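**Student:** Next come a sequence and a model predicted from it.
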Amino acid sequence: MESRLSETGSESDATKAAEDLLEGLTRHRDLAEPVEIPGGIAGLLFRLRRAIEAVTSFTGSVSLGLVWVVFLLGLFNVVTRYVARFIQRDIIVGEIFDLQWMLFGALFLLGLNYGVREGVNPRIDFWWADFSNKTKAIIDLFIHVFLFFPFLVLSMKVLWAWSLSGMGRSFDGSWSTWKLWEIWEQSTDAGGLPRGPIKLLILVGFFLMAAQIVAEMIKQILVLMGHEELAGVAAYEAPLRVE
């Protein structure tokens, strides 16, 4: 009984510490003084990074809104399923079921770039927190330039023809009409929604993530140039480790 209480207490302490850290980081960013933008290449890189991250903030907000939409659609599907059992009639709406799963996919596709910006990807190397900002920038820049960004470019190249074919593009690259809703790929399920838009959104999601990777590379270049304040890394501290 005592061990169980101690485990519960340690978990609550860790949660409280994590919440305090996030609140502190948010307050630190809100109270941060405006950055003085220099001229030259550093200022140009800074403006480009901010422009890309403005798009990232917008798609992140859209993903946040989709969370509630997906939740409500899922709740509707669950309620209708059990009500159908009670009244012994099939009242499941195929369009609503399809819409839930498509928006669930859209939620992640539009939030990938936001996750990259906020650094939600796990770090498996336990030395990372002790590295200097320049060491982190060198490692991340190497990985982004030679591994991550080439992978995204290759993925977009593969997805290009596949996504556009879902929107009605012919194999020869022509379009029979500009009214895409008349020619895009339709679902084979009864009452299913068109699949063309969600297939195109896969390509869009990879494009948005590639754009954010460019912004991350700009951050790392700014750090190596000695402009950490322009890269936005000065406000970050070593991540909390809960073992």
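**Tutor:** Looks like it arrived, so ask away.
**Student:** neighbours around Val233, how many?
**Tutor:** Neighbour count for Val233, taken as other Cβ atoms under 10 Å: 16. Every C-beta, even on glycine, is put in place using the N, C-alpha and C of the backbone.
**Student:** Just say helix, strand or coil for it.
**Tutor:** Under DSSP: H, G, I helix; E, B strand; the rest coil, Val233 falls in the coil class.
**Student:** now the helices: where do they sit in this protein?
**Tutor:** 2-30, 40-87, 94-118, 133-143, 149-166, 196-224, 228-231 (DSSP state H).
**Student:** can you redo those as CSV with mean pLDDT?
**Tutor:** CSV is the format used below for the helices of the chain (pLDDT from 0 to 100):
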stretch, mean pLDDT
helix 2-30, 53
helix 40-87, 89
helix 94-118, 90
helix 133-143, 93
helix 149-166, 94
helix 196-224, 95
helix 228-231, 86
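**Student:** got those as a markdown table, with mean neighbour count columns?
**Tutor:** Below are the helices of the chain laid out as a markdown table (neighbours: other Cβ atoms under 10 Å):
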| stretch | mean neighbour count |
| --- | --- |
| helix 2-30 | 11 |
| helix 40-87 | 14 |
| helix 94-118 | 18 |
| helix 133-143 | 16 |
| helix 149-166 | 15 |
| helix 196-224 | 20 |
| helix 228-231 | 20 |
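**Student:** List just the one of the ones you listed that sits closest to Ser176.
**Tutor:** The closest of the helices of the chain to Ser176 is helix 149-166. By Cβ to Cβ, the value is 12.5 Å.
**Student:** Please work out the angle formed by the directions of that closest one and helix 133-143.
**Tutor:** Here helix 149-166 runs at an angle of 50 degrees relative to helix 133-143 (axes from the mean of the first three to the mean of the last three Cα atoms, to 10 degrees).
**Student:** So which elements touch helix 149-166?
**Tutor:** Helix 149-166 sits against helix 196-224, with contacts defined as 3 or more Cβ pairs under 8 Å, 6 or more residues apart in numbering; DSSP states H and E.
**Student:** how long is stretch 129-149 end to end?
**Tutor:** Taking Cα to Cα, to the nearest Å, stretch 129-149 runs 24 Å from one end to the other.
**Student:** Quick check: the residue nearest to Leu224 when sequence neighbours are not counted vs Ile202, distance?
**Tutor:** Of all residues not flanking Leu224 in the chain, Ala137 sits nearest, at 5.5 Å (Cβ to Cβ, 6 or more residues apart in numbering). According to Cβ to Cβ, to the nearest Å, Ala137 stands 31 Å off from Ile202.
**Student:** okay but Glu95 is in contact with Gly192, surely?
**Tutor:** Yes - using Cβ atoms under 8 Å, Glu95 is in contact with Gly192, at 7.5 Å.
**Student:** re the thing from before, ok, the residue nearest to Leu224 - contacts?
**Tutor:** By Cβ atoms under 8 Å, 6 or more residues apart in numbering, the contact list for Ala137 reads 219-221, 223-224, 231.
**Student:** quick one: which of those is nearest to Leu208?
**Tutor:** Looking across those and measuring by Cβ to Cβ, the closest to Leu208 is Lys219, at 16.8 Å.
**Student:** isn't that closest one right up against Val233?
**Tutor:** Yes - in this structure, Lys219 is within contact of Val233 by Cβ under 8 Å, at 6.8 Å.
**Student:** still on that earlier bit, so can I have a markdown table of the helices of the chain showing distance to Ser187?
**Tutor:** Putting the helices of the chain into a markdown table (distance: least, Cβ to Cβ, whole Å) gives the following:
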| stretch | distance to Ser187 |
| --- | --- |
| helix 2-30 | 41 |
| helix 40-87 | 16 |
| helix 94-118 | 6 |
| helix 133-143 | 38 |
| helix 149-166 | 11 |
| helix 196-224 | 10 |
| helix 228-231 | 45 |
